[in-house]
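[1] mind looking at a prediction? Sequence and model below.
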Amino acid sequence: MRRVILAIIATAVVLFLLLSFKSHTQSGVSGAVAAASPTPGDGSAGSASPAAGGRASAGATSGTAGTSGAVTVTGAAWPTIYGPVQVRITVSGGKITAVNVLEYPAGTQRDVQINAFAIPELNAETLAAGSAKIDTVSGATYTSQGYLGSLQNALDKADAA
């Protein structure tokens with residue numbers, strides 16, 4: 001009988017402790033993420049501005065750049081459950097020479113943290129592969145899918161141009 005009572009009390013204490021557990025917030029992450037975030041014009045992501053509607057974005061125009069046959073095309077903003085992803089590519093001689101992410105989810109600190117890692121990875125893979133046949137980034141599945149959709153749309157536009 002004592003064992004049953006002790007087991008019930010121990011279960012209640014463990015359950016209480018488990019339910020009252022508060023995970024800590026990552027306080028110093030914002031500075032680290034800001035330092036790791038890609039900057040515009042370096043062939044990676046656009047400027048992050050989570051205050052602008054919960055998304056990071058930069059000016060999104062499509063068109064062509066008339067330097068030595070290079071074509072710059074902006075893909076459609078591809079919707080994800082966390083927000084749209086939009087990619088701009090420059091194609092020269094049939095090869096992708098630059099990739100910029102104009103818009104990506106940045107509504108929460110976690111979005112910013114994930115995308116600070118994922119977007120440079122996706123950009124590097126795109127430049128290496130020269131096509132939309134790239135792997136998704138583990139832990140950033142939705143961003144990767146939005147990136148691939150917008151990238152393929154931009155490539156389709158570049159082929160038509």
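    Here it is on my side, so go on. Numbers count the residues shown, from 1 in each chain.
[2] mind listing the strands for the protein?
    55-57, 71-74, 86-92, 95-105 (DSSP state E).
[3] and the pLDDT at the most centrally placed residue in the chain?
    With distances taken as CA atoms, centre = their mean, the residue of the chain nearest its centroid is N115 (3.5 Å). Per-residue confidence at N115 stands at 93 (pLDDT).
[4] coming back round to it: among the strands of the chain, which is nearest T11?
    Closest to T11 of those, according to CB to CB: strand 95-105, at 40.5 Å. Every C-beta, even on glycine, is put in place using the N, C-alpha and C of the backbone.
[5] buried stuff in that closest one?
    Neighbour counts over strand 95-105 (16 or more other CB atoms under 10 Å) mark 96, 98-105 as buried.
[6] which stretches of the chain have low pLDDT?
    22-68 (pLDDT under 70).
[7] now with 80?
    20-69, 161 (pLDDT under 80).
[8] now the helices for it?
    2-19, 29-36, 109-129, 141-160 (DSSP state H).
[9] including distance to G75, could the ones you listed go into CSV?
    Listed next are the helices of the chain as CSV, based on distance: least, CB to CB, whole Å:
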stretch, distance to G75
helix 2-19, 46
helix 29-36, 24
helix 109-129, 11
helix 141-160, 3
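[10] make a markdown table out of the strands of the chain and add distance to V13.
    Shown next, in a markdown table, are the strands of the chain (distance: least, CB to CB, whole Å):
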| stretch | distance to V13 |
| --- | --- |
| strand 55-57 | 44 |
| strand 71-74 | 58 |
| strand 86-92 | 51 |
| strand 95-105 | 40 |
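[11] ok, which of those strands comes nearest L19?
    strand 95-105 (30.6 Å).
[12] what is that closest one packed up against?
    strand 55-57, strand 86-92, helix 109-129, helix 141-160 (3 or more CB pairs under 8 Å, 6 or more residues apart in numbering; DSSP states H and E).
[13] buried ones in the longest one, by neighbour count?
    When burial is assessed from 16+ other CB under 10 Å, helix 109-129 yields the following buried residues: 111-123, 125-127.
[14] summarise which helices and strands it is packed against.
    Using 3+ CB pairs under 8 Å, 6+ apart: helix 109-129 touches helix 29-36, strand 95-105, helix 141-160.
[15] if anything else comes up later, I'll come back, but that's it for now.
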